[in-house]
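*Asks:* Got a predicted structure here, sequence first:
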Amino acid sequence: MLKRTHFCGDVTEALTGKDVSINGWLDTRRDHGGVIFLDIRDKTGKVQVVFDPEINGALHETAHKLRGEYVLGISGRVRPRPEGTKNPKLKTGMVEIVADTVEVFNQSLPLPFPIDESAEVGEDLRLKYRYLDLRRPKIMENLTIRHTLTKLIRKYLDENGFTDVETPVLFKSTPEGARDYLVPSRVNPGTFFALPQSPQMLKQILMVAGLDRYYQIVKCFRDEDLRADRQPEFTQIDIEMSFIEEDDIMGHAENFIRNVFEHVRSIKLPEQFKRMTYAQAMEEYGNDKPDTRFEMKLKTISEIFDGSEFKIFAETVKNGGVVKALNFKASADKLSRKDIDDLVAFAVRQGAGGMAWIRFAEKPESPIVKFISEDRLNKLKEMMGVEKGDIVFFMADKQNKVNDILSRVRLHIGEKYSLYGKNSLEFLWVVDFPLLSYNEEEKRYEANHHPFTAPKDEDIALLDTEPLKARARAYDMVLNGTEIGGGSIRIHNSELQKKMFGLINIADEKAEMMFGFLLDALKYGAPPHGGIAFGLDRIAMILTGSASIRDVIAFPKTAKAQCLLSNAPSEVDQKQLRELSIKLSLD
């Protein structure tokens, strides 16, 4: 076998006059009426190889037979490219290899799609032939950046006293969050393991054990509906610390995120990330992961329509709803009436009954202006900071619905009208989340994060009187409107943990069955502790500028949770089912 001395991407001017051997795939072949040029590619890049009939006729004949994606070994001497053929944009573009030996390791069938980056290829085809898709330089670069990301994170955490501990992949089902993936036990018929949604309880037990600082880059599994930034199996950067408070964890998180972006993207991030309360995020942005790359904040303006002649809005306010608005500054000349109608139609598609608007040109223009008195109109202009040329959009409904839909309208406007720089990075922490929410359908409280999150000390008394007012010691890191990490200070007192279970309708008996091992552990000297988990796939997606986390995962699933490469999930043999004491019922 002709073994390489250098990777393709390392053949540069420094090797001029040297003999080298490379291994790789035939990327492109060009016949210039005598001399044949091959671009040979490996994971580091590609280099040009020359087959000149005047130098080696037999080798030139061999080059005629070589085709795309053949796997080759080539040796030869490095020389400068002739003037006029140099490519300074390519790392190897100033030199070429004059071949003297070729070994064909393997041939290739015609490809189902070109490896060329510019080719438009459907995702299903890419995922079916993932081994070919991975040869594309951009996808290969993504995996390399992901490797660098994990290496930098491990280095930082190792240097700061964290211990990497593996936790089980087969564990107990605790179905309080997303749906579990279940694994039947053959040796214990009728029982099941669950694949972990997170090592949450185990990392808490490691704190009880005295490990003090734990981390793990770990696979987690959730059987939930998928989207561009979600997969059934995903990778989590999991961190837990003892004897700490929120600032300690947030400080370490900021440090390693800064380190990653500086090394991978050469971007210096601020020394301290901004912080925003949950209440402020919901009021001004309508969601708990605000995109702060552009202004256009939401504002509650219910008082303007309370008792007004605009009956629909007045009735909504009277019945406990709200009116909220956003001001699209200096947009009156940009948006035609059709553009405005398109934005209204977008809001309706999101579930709105409608969306009102007023264009402030020479005079206010809108079908609803006749229902709003001059005093109320002046109050609207004052509250929304209206100037000539602005358009104000507003909605009336229940607060949660208005926040949800109007926040989507805001993001849609920001994207459609390029209100932020594509390369801008806006990090912030969202803090002071509500500890609990109320499930109207099930008529019970639910934990907003998870049931192990501690309430703020000053709010513990509210658990007995006004539980929905209690705030959590929780924190989420948000980047450009995407939550990339979240965590909390945990409950380390068994009685408080029992109280929390009781609030979310988990009776003592059920709590003992599901979480008894953790409740027992908390009785044996559990230290104050807390942690955070980051979505490694999401961070890699942002670092690489990818539109989907599927482009930073080697073998991802489709939106239907299928692996097109292997056709998983698939049926299994009846014998296997009998061994597991399982009988299928597909009714």
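*Replies:* Ah, there it is. Numbering: from 1, shown residues only.

*Asks:* Show me the shaky parts of this structure.
*Replies:* Residues of the chain meeting the criterion pLDDT under 70: 175-177, 227-228, 587.

*Asks:* Which helix or strand contains L132?
*Replies:* helix 130-133 (DSSP states H and E).

*Asks:* How about Q216?
*Replies:* Counting by DSSP H and E, Q216 is part of strand 213-221.

*Asks:* Can you pull the phi and psi angles for H412?
*Replies:* phi -60, psi -40 (degrees, to the nearest 10).

*Asks:* do G389 as well
*Replies:* Per-residue torsions, G389: phi 100, psi 0 (degrees, to the nearest 10).

*Asks:* just checking, it touches E365?
*Replies:* No. Using CB atoms under 8 Å, G389 is not in contact with E365; the gap is 11.9 Å. All C-beta spots, glycine's among them, are computed from the backbone N, C-alpha and C.

*Asks:* how about the strands in the stretch 51-200 of the chain?
*Replies:* 71-80, 95-106, 163-164, 181-184, 192-195 (DSSP state E, counting those that start in this stretch).

*Asks:* Which among those is found nearest to D223?
*Replies:* Proximity to D223 (CB to CB) singles out strand 181-184 among those, at 5.2 Å.

*Asks:* mind checking the longest helix of the chain?
*Replies:* Counting by DSSP state H, the longest helix found in the chain is helix 137-159.

*Asks:* follow-up on the earlier one: how about the helix holding L132 as CSV, C-alpha atoms only?
*Replies:* These are the backbone C-alpha positions of helix 130-133, laid out as CSV (Å, rounded to 0.1, in the frame of the first residue of the first chain):
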residue,chain,number,x,y,z
ARG,A,130,-24.7,10.1,4.6
TYR,A,131,-21.2,8.6,4.0
LEU,A,132,-21.1,10.6,0.8
ASP,A,133,-22.7,13.7,2.3
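
*Asks:* sec struct for the nearest residue to N160 once chain neighbours are set aside, please.
*Replies:* Of all residues not flanking N160 in the chain, H252 sits nearest, at 6.6 Å (CB to CB, 6 or more residues apart in numbering). For H252, the assignment made with DSSP: H, G, I helix; E, B strand; the rest coil gives helix.

*Asks:* Of all the strand elements in this structure, which one is longest?
*Replies:* With secondary structure taken from DSSP state E, the chain has its longest strand at strand 19-32.

*Asks:* how about that one: buried residues?
*Replies:* V20, S21, I22, N23, G24, W25, L26, D27, R29 (16 or more other CB atoms under 10 Å).

*Asks:* a markdown table for those, including distance to I460?
*Replies:* Shown next, in a markdown table, are the buried residues of strand 19-32 (distance: CB to CB, whole Å):
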| residue | distance to I460 |
| --- | --- |
| V20 | 70 |
| S21 | 70 |
| I22 | 67 |
| N23 | 65 |
| G24 | 63 |
| W25 | 63 |
| L26 | 68 |
| D27 | 64 |
| R29 | 72 |
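
*Asks:* Let me know the closest of the residues you listed to E382.
*Replies:* So of those, ranked by how close each gets to E382 (CB to CB), first place is D27, at 63.6 Å.

*Asks:* need the contact list for the closest one.
*Replies:* By CB atoms under 8 Å, 6 or more residues apart in numbering, the contact list for D27 reads L38, D39, I40, R41, K46, G68, I115.

*Asks:* run the last query once more with 7 Å
*Replies:* D39, I40, R41, K46 (CB atoms under 7 Å, 6 or more residues apart in numbering).

*Asks:* Repeat that for A474.
*Replies:* F433, H449, T453, S488.

*Asks:* The first one contacts N448, doesn't it?
*Replies:* Looking back up the chat, that one is F433. Yes. At 5.6 Å, F433 counts as touching N448 under the criterion of CB atoms under 7 Å.

*Asks:* Which one of those two is surrounded by more residues?
*Replies:* F433 (23 against 18; other CB atoms under 10 Å).

*Asks:* State the distance from that one to L496.
*Replies:* Per CB to CB, to the nearest Å, F433 is found 18 Å from L496.

*Asks:* Hmm, N23 is touching T5, no?
*Replies:* No. Between N23 and T5 there is no contact under CB under 7 Å: 9.7 Å.

*Asks:* How about T62: what's its closest non-neighbour residue?
*Replies:* For T62, the spatially nearest residue (CB to CB, 6+ apart) is V102, at 5.6 Å.

*Asks:* same check, this time on V409
*Replies:* Excluding the flanking residues, the one nearest V409 by CB to CB, 6+ apart is A347, at 5.3 Å.

*Asks:* ok, the one you found - how many residues close by?
*Replies:* Around A347 there are 19 residues (other CB under 10 Å).

*Asks:* Please tell me how far it sits from V392.
*Replies:* 14 Å.

*Asks:* Helix or strand: which one has A279?
*Replies:* helix 278-285.

*Asks:* got the CA positions of the longest helix of the chain in CSV?
*Replies:* C-alpha atoms of helix 137-159 as CSV (Å, rounded to 0.1, in the frame of the first residue of the first chain):
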residue,chain,number,x,y,z
PRO,A,137,-16.0,19.9,2.8
LYS,A,138,-18.6,22.0,4.7
ILE,A,139,-20.0,19.0,6.6
MET,A,140,-16.5,17.7,7.2
GLU,A,141,-15.6,21.1,8.5
ASN,A,142,-18.6,21.1,10.8
LEU,A,143,-17.6,17.9,12.4
THR,A,144,-14.0,19.2,12.9
ILE,A,145,-15.4,22.4,14.6
ARG,A,146,-17.6,20.2,16.8
HIS,A,147,-14.5,18.2,17.8
THR,A,148,-12.7,21.5,18.6
LEU,A,149,-15.7,22.6,20.6
THR,A,150,-15.7,19.5,22.8
LYS,A,151,-12.0,19.6,23.2
LEU,A,152,-12.0,23.2,24.5
ILE,A,153,-14.9,22.5,26.9
ARG,A,154,-13.1,19.5,28.3
LYS,A,155,-9.9,21.5,28.7
TYR,A,156,-11.6,24.3,30.5
LEU,A,157,-13.5,22.1,32.9
ASP,A,158,-10.5,19.8,33.6
GLU,A,159,-8.4,22.9,34.5
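
*Asks:* Flag every buried residue along that helix.
*Replies:* 137, 139-140, 142-143, 145-146, 149-150, 152-154, 156-157.

*Asks:* Quickly name whichever of these is closest to F273.
*Replies:* Y156 (16.3 Å).

*Asks:* Once you drop chain neighbours, what's closest to that closest one?
*Replies:* F256 (4.2 Å).

*Asks:* So that neighbour, which state does it fall into?
*Replies:* helix.

*Asks:* the helices in the stretch 401-550 of the chain, which residues?
*Replies:* Along the stretch 401-550 of the chain, counting by DSSP state H, counting those that start in this stretch, helices occupy 462-465, 494-503, 508-522, 536-544.

*Asks:* Distance to M355 and mean neighbour count for the ones you listed - can I get that in JSON lines?
*Replies:* Below are the helices of the stretch 401-550 of the chain laid out as JSON lines (distance: least, CB to CB, whole Å; neighbours: other CB atoms under 10 Å):
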{"stretch": "helix 462-465", "distance to M355": "36", "mean neighbour count": "14"}
{"stretch": "helix 494-503", "distance to M355": "37", "mean neighbour count": "18"}
{"stretch": "helix 508-522", "distance to M355": "44", "mean neighbour count": "16"}
{"stretch": "helix 536-544", "distance to M355": "31", "mean neighbour count": "23"}
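
*Asks:* out of these, nearest to I340?
*Replies:* So among those, helix 536-544 is nearest, using CB to CB, at 32.5 Å.
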